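**Student:** need coordinates for the following:
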Amino acid sequence: ENYGGLLRKIKDAYSEFILSCKSTSRVLNSPGESELMKKEIEQLRHQLTVTSLEKANLEKDLDKQKMSYGRIEEDKKKLLNQWEETKQELQEEKELRDHIQVESHALRQKIEEIKLQCKNEHRNIKSHRKLIKEINKIARAKFEIEEGNQNLKGDLEYYKQREQKLLYLLFLLQKRNYPVQDVFESEVRDIPT
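**Tutor:** Numbering: from 1, shown residues only. Here you go, the predicted model:
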């Protein structure tokens with residue numbers, strides 16, 4: 001834009017010079033004036049060429065920046081999608097962990113009931129052995145559930161760390177004047193979770 005203005009000024013000055021030559025009925029008969037005029041015209045052409053080259057270089061730089069911005073936008077969308085997926089996975093993990101805790105509580109209650117039955121039926125050995133087997137089964141099931149719960153806790157910690165990294169990345173993008181909040185408001189806020 002600045003170079004277009006400069007070109008316009010050069011053209012206007014050239015046109016003004018030609019008009020002033022016509023209006024004063026000046027005839028360039030002498031070789032000195034003609035040479036001076038040729039030098040001025042050559043200088044103006046040179047300035048015009050240099051300005052055109054600079055303009056072309058600026059347009060190339062602008063195109064490169066537009067492409068770079070486009071890639072940043074795509075990366076941002078990918079990161080926001082990953083963040084949403086991670087958030088969904090964390091929610092699912094939490095629901096599963098809550099379910100396991102409920103089941104674990106139910107198993108504990110059942111174990112307590114079986115223990116009470118064992119005390120009441122202590123005299124009956126067959127019944128006692130059967131109860132022990134059930135307790136062992138339940139204890140194994142409880143162990144497996146608790147082991148699964150531990151695995152889920154590890155997964156949950158991993159996803160929490162991943163979410164923190166994504167949040168930190170979004171913070172860094174925003175710190176670098178990337179319009180993270182605007183993109184969130186316009187593209188992410190309405191996505192159902």
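
**Student:** in the protein, what residue spans correspond to helices?
**Tutor:** 2-23, 31-120, 125-175, 180-183 (DSSP state H).

**Student:** remind me which residues of the protein are low pLDDT?
**Tutor:** Along the chain, the model assigns pLDDT under 70 to residues 1-4, 20-34, 121-124.

**Student:** wait, what's in contact with the residue positioned nearest the centre of it?
**Tutor:** Nearest residue to the geometric centre of the chain (C-alpha atoms, centre = their mean): K76, 2.4 Å. By C-beta atoms under 8 Å, 6 or more residues apart in numbering, the contact list for K76 reads 173, 178, 180, 183. Just so you know, the C-beta spots here come from the backbone N, C-alpha and C atoms, and that holds for glycine as well.

**Student:** what is the neighbour count of Q164?
**Tutor:** By other C-beta atoms under 10 Å, the residues close to Q164 number 10.

**Student:** follow-up on the earlier one: what would the contacts of K76 look like in a markdown table with neighbour count?
**Tutor:** Shown next, in a markdown table, are the contacts of K76 (neighbours: other C-beta atoms under 10 Å):
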| residue | neighbour count |
| --- | --- |
| L173 | 17 |
| Y178 | 17 |
| V180 | 20 |
| V183 | 18 |
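
**Student:** can you redo these as CSV with distance to L80?
**Tutor:** Listed next are these as CSV, based on distance: C-beta to C-beta, whole Å:
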residue, distance to L80
L173, 10
Y178, 12
V180, 9
V183, 7
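
**Student:** most widely separated two among the residues you listed?
**Tutor:** Farthest-apart pair in these is L173 and V183; separation 9.2 Å (C-beta to C-beta).

**Student:** quick check: chain neighbours aside, which residue is closest to A139?
**Tutor:** Closest residue to A139 apart from its sequence neighbours, by C-beta to C-beta, 6 or more residues apart in numbering: I111 at 7.4 Å.
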